[in-house]
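[1] I would like to see how this sequence folds:
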Amino acid sequence: MTHPTYLILLRHGESMWNRDNLFTGWVDLPLSPKGIEEAFAAGKLLAEYTIDVVFCSSLIRAIMTAMLALCDHPGKKTPIIQHKKTVGHMHEWAKIYSEKSKEQMLPVYEDEALNERMYGALQGLNKKETADKFGAEVVHQWRRGYAVQPPEGESLEMTLQRTLPYFQKIIEPELYQHKTVLVSAHGNSLRAIIKHLEQMSGEEIVGYELATGVPIVYRFENGTYKKER
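    Now for the predicted structure:
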């Protein structure tokens, strides 16, 4: 008998720029010490689930979160990144020749379709200083308006337009094969998925808060999603 099928969404732990109150977007930087603790804590919350496959953004903070959360999982499978054929030698030279090792592998796929919203000319700027310079309401709209783009950046709507097709084409078929899926990504790319799952309006989803390092769990059955945590 197969185990129940779940979709687990996990926002990465606190990054070094979350800690420093800087706009991050696609800047690729690691977790803070607090973020590392959050990732380990997320692992404890994931212990009850039999995870079959993992999808991450291409940014290190999301990959770190998944790897740290799963490094001591009761399933005892080893999370291993599956490199794309287009990236140098990694796809071929990372080939596993032991069938036993393959059976103990937990495949991890990374893709920039799951990356955070790209914040354009705001990336690296202090959020408070930016609000002081341009006005709190203007910056609030850049951060929270569904269809509003920050300078040279993406709106949440644009993020959804790249994230949702990947979810529907690549991730969702795994659920239909009765595999429990973990997605380790970002506040805005996960909002895009949640908007679709819960049929939220643009106004509803921009007000939806995701805590760092706290799994959101949906039970998947007969093509429908039921939120459990």
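[2] Spatially central residue in this structure, please.
    The chain has A185 as the residue nearest its centroid, 1.1 Å off, counting by CA atoms, centre = their mean.
[3] Pull out the buried residues from stretch 107-121.
    V108, Y109, E110, D111, A113, L114, N115, E116, R117, M118, Y119, G120 (16 or more other CB atoms under 10 Å). Yep, even glycine has a C-beta here, placed from its N, CA and C like the rest.
[4] before we move on, back to that, beta partners for the residue nearest to the centre of the chain?
    Judged by DSSP bridges, the bridge partners of A185 are R11.
[5] shouldn't it be in contact with L114?
    Yes - if you go by CB atoms under 8 Å, A185 and L114 touch, sitting 4.4 Å apart.
[6] okay, and the common contacts of these two?
    Here A185 and L114 have F55, C56, S57, A62 as joint contacts, going by CB atoms under 8 Å, 6 or more residues apart in numbering.
[7] could you pull out the strands for this protein?
    For the chain, the strands defined by DSSP state E occupy 5-11, 53-56, 78-81, 105-110, 181-185, 216-221, 224-227.
[8] Make JSON lines out of these and add distance to Y146.
    Rendered in JSON lines, the data for the strands of the chain read as follows (distance: least, CB to CB, whole Å):
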{"stretch": "strand 5-11", "distance to Y146": "19"}
{"stretch": "strand 53-56", "distance to Y146": "24"}
{"stretch": "strand 78-81", "distance to Y146": "33"}
{"stretch": "strand 105-110", "distance to Y146": "27"}
{"stretch": "strand 181-185", "distance to Y146": "18"}
{"stretch": "strand 216-221", "distance to Y146": "20"}
{"stretch": "strand 224-227", "distance to Y146": "21"}
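[9] Format these as TSV; extra columns: mean pLDDT and distance to G35.
    Below are the strands of the chain laid out as TSV (pLDDT from 0 to 100; distance: least, CB to CB, whole Å):
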stretch	mean pLDDT	distance to G35
strand 5-11	98	10
strand 53-56	98	15
strand 78-81	96	18
strand 105-110	97	18
strand 181-185	98	12
strand 216-221	97	18
strand 224-227	95	25
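[10] which one of those has the most crowded surroundings?
    Highest mean neighbour count among the strands of the chain (mean count of other CB atoms under 10 Å): strand 181-185, with a mean of 27.
[11] W93: neighbour count?
    By other CB atoms under 10 Å, the residues close to W93 number 8.
[12] what do you get for P151?
    A count of neighbours around P151, defined by other CB under 10 Å, yields 10.
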